[in-house]
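Undergrad: Fold the following and give me the result.
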Amino acid sequence: YRHMKKIFLSLLLIALTLNLLSQENLTSLMKERDEYYFQIEGVEDYDVKEIASLVSIDKIFDDKIIAYANGKQYERLVSMGVTPLLLTPPSMLHEYVMYDGKCRDDYNWDQYPTYEAYESMMYEFAEKNPDKCSLIELGILESGRKILVARINNGVTENKPKFLYLSTIHGDETTGYIMMLRLIDHLLNNVELPEVKKVLDNLDIFICPNANPDGTYYSGNHTVYGSRRYNADGIDMNRNYPDYINGDHPDYNDYAAETEMFMKFADDYQFTMSATYHGGAELINYPWDNNYQRHADDEWWKFVSREYATLAQENDGNYMTDMNNGITNGADWYVIEGSRQDYMNYYQQCRELTIECSLQKCPPAYELPDFWNYNYN
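TA: Okay, here's the model as predicted:
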């Protein structure tokens, strides 16, 4: 994967096209999951904006659209005369090695935690480092799973810019989930490093490793296999925020419980900057997502995005090279409505960008340390 991106892409497209399951079996599977993952060929034959208003477009390349939909969205799409090709869900392309929370000293970040291990790890960060870390519970979902945030600093919070790291708003995009857990661990246990001390002394840092645990653990707390993009209510939370062009509910859904938690969180803490980690591509996506007009600080956005991509490429020249060598304006990639990034920038005056950190949404666990190395700097 690391050095053979083009070959991997070709093999992935072949696998998706041939499918690991027949269309009949996929139809049954996706009806049961209430989440459809599919490809539409012949982009020029369709109104992409109209399709984007019906389903969650994931990527557009060549003449193809890759997208997700819940059952109702999929039915509306088919009723338009579109004939999608169902694809094997990204979280069902591999088996996943899971960590049960035991033998912590032997854990090398090359396994996915069970939900219980994740929750235990988050509480333990705060319990073992009370001078540097506190745990914030944004809320408990109907499933009993929690939205958790670690707050990290040197004990002083006054007059410091607040920086938010957030990952896995799409439940099947799991690379950032583990990177954020590892970032918390690294900041708390390596204060002697100059770069860590500088961060702790000068910033008030908030890290939410998993913004959609119901999606990640859709198949059960014991595995990430079968994780899905949407939350438990079939909502894409990166289309679920107020939109300054398209209104309060651009996806025609009520706000998800998670969305309400994060909007209140932003109101309460007034973040200066934020980075949200996704998967499925390797690039930095900066505002705006909902229209082609350039942000007032477009040159600054390009500067910081290029800085991140360049640092990542120093670890592997084939990493973080999608679109414009690793960066893109959101709308130039494809236009979406109700994105979290646009909400945070416009309504909360927080400079938030989106970091697509792995080509595979839910990569094999043994690859996870590589992404830490790519993104560390």
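Undergrad: from here on, contacts and neighbour counts on C-alpha atoms
TA: Will do.
Undergrad: What is the neighbour count of His295?
TA: Number of residues near His295 (other CA atoms under 10 Å) recorded here: 15.
Undergrad: For Asn238, see how far away it is.
TA: Remark: distance between His295 and Asn238 (CA to CA, to the nearest Å) = 19 Å.
Undergrad: how close does Asn290 get to Arg229?
TA: 20 Å.
Undergrad: Ala69 contacts Ser56, doesn't it?
TA: Yes: contact between Ala69 and Ser56 holds when scored by CA atoms under 8 Å: they sit 6.2 Å apart.
Undergrad: can you pull the contacts of the residue nearest to Asp204 when sequence neighbours are not counted?
TA: Distance criterion CA to CA, 6 or more residues apart in numbering; nearest residue to Asp204, sequence neighbours excluded, is Lys162 at 4.8 Å. Neighbour list for Lys162: Leu203, Asp204, Ile205, Phe206, Tyr269, Gln270, Phe271, Thr272, Met273 [criterion: CA atoms under 8 Å, 6 or more residues apart in numbering].
Undergrad: Just the buried subset of the residues you listed, please.
TA: When those are checked for burial by 16 or more other CA atoms under 10 Å, the buried set is Leu203, Asp204, Ile205, Phe206, Gln270, Phe271, Thr272, Met273.
Undergrad: in the stretch 151-300 of the chain, which spans are strands?
TA: 162-167, 204-208, 273-278, 281-286 (DSSP state E, counting those that start in this stretch).
Undergrad: hey, which of those is tucked in deepest?
TA: strand 281-286 (a mean of 26; mean count of other CA atoms under 10 Å).
Undergrad: pLDDT weak spots in the stretch 251-377 of the chain?
TA: Within the stretch 251-377 of the chain, no range satisfies pLDDT under 70.
Undergrad: Please convert the strands of the stretch 151-300 of the chain to a markdown table, extending it with distance to Arg104.
TA: Output for the strands of the stretch 151-300 of the chain, formatted as a markdown table (distance: least, CA to CA, whole Å):
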| stretch | distance to Arg104 |
| --- | --- |
| strand 162-167 | 22 |
| strand 204-208 | 20 |
| strand 273-278 | 25 |
| strand 281-286 | 30 |
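Undergrad: For whatever residue is furthest in space from the centre of the chain, give its distance to Phe38.
TA: Taking CA atoms, centre = their mean, the residue of the chain most remote from its mean C-alpha position is Gly81, at 31.0 Å. Gly81 sits 15 Å away from Phe38 when distances are taken as CA to CA.
Undergrad: same check, this time on Ala296
TA: Going from Ala296 to Phe38 by CA to CA gives 36 Å.
Undergrad: same deal with Glu127?
TA: The spacing between Glu127 and Phe38, counted by CA to CA, is 44 Å.
Undergrad: These two: who's more crowded?
TA: Neighbours of Glu127 and Phe38, each counted by other CA under 10 Å, are more numerous for Phe38; the result is 22 against 13.
Undergrad: Tell me the bridge partners for that one.
TA: Here Phe38 sits in beta bridges with Ala67, Leu86, as judged by DSSP bridges.
Undergrad: How about the contacts made by it?
TA: Neighbour list for Phe38: Ile66, Ala67, Tyr68, Pro84, Leu85, Leu86, Leu87 [criterion: CA under 8 Å, 6+ apart].
Undergrad: do the same with Gln270
TA: Lys162, Gln348, Cys350.
Undergrad: Would you mind giving the residues you listed as CSV with distance to Met98 added?
TA: Output for these, formatted as CSV (distance: CA to CA, whole Å):
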residue, distance to Met98
Lys162, 33
Gln348, 37
Cys350, 35
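Undergrad: Name the nearest residue to Lys49, sequence neighbours excluded.
TA: Excluding the flanking residues, the one nearest Lys49 by CA to CA, 6+ apart is Val335, at 7.6 Å.
Undergrad: My understanding was that that neighbour contacts Asn285; is that so?
TA: No: with contacts counted by CA under 8 Å, Val335 stays clear of Asn285, the gap being 11.8 Å.
Undergrad: Find residues that contact each of those two.
TA: Common contacts of Val335 and Asn285 (CA under 8 Å, 6+ apart): none found.
Undergrad: neighbours of Asn377, just the number please.
TA: Asn377: 12 neighbours (other CA under 10 Å).
Undergrad: can you start the count at 634 instead of 1 from here on
TA: Sounds good: first residue 634 from here, last item Asn1010.
Undergrad: Hmm, Phe1004 and Asp743 touching each other?
TA: No: using CA under 8 Å, Asp743 is not in contact with Phe1004, being 10.6 Å away.
Undergrad: How is Glu989 assigned, secondary-structure-wise?
TA: Three-state assignment for Glu989 (DSSP: H, G, I helix; E, B strand; the rest coil): strand.
Undergrad: what bridges to it?
TA: Beta-bridge partners of Glu989, as defined by DSSP bridges: His911, Leu916.
Undergrad: so how far is Asp680 from it?
TA: 26 Å.
Undergrad: tell me the pLDDT at Phe641?
TA: If you check Phe641, the pLDDT there is 56.
Undergrad: do Glu791 as well
TA: Looking at Glu791, its pLDDT is 94.
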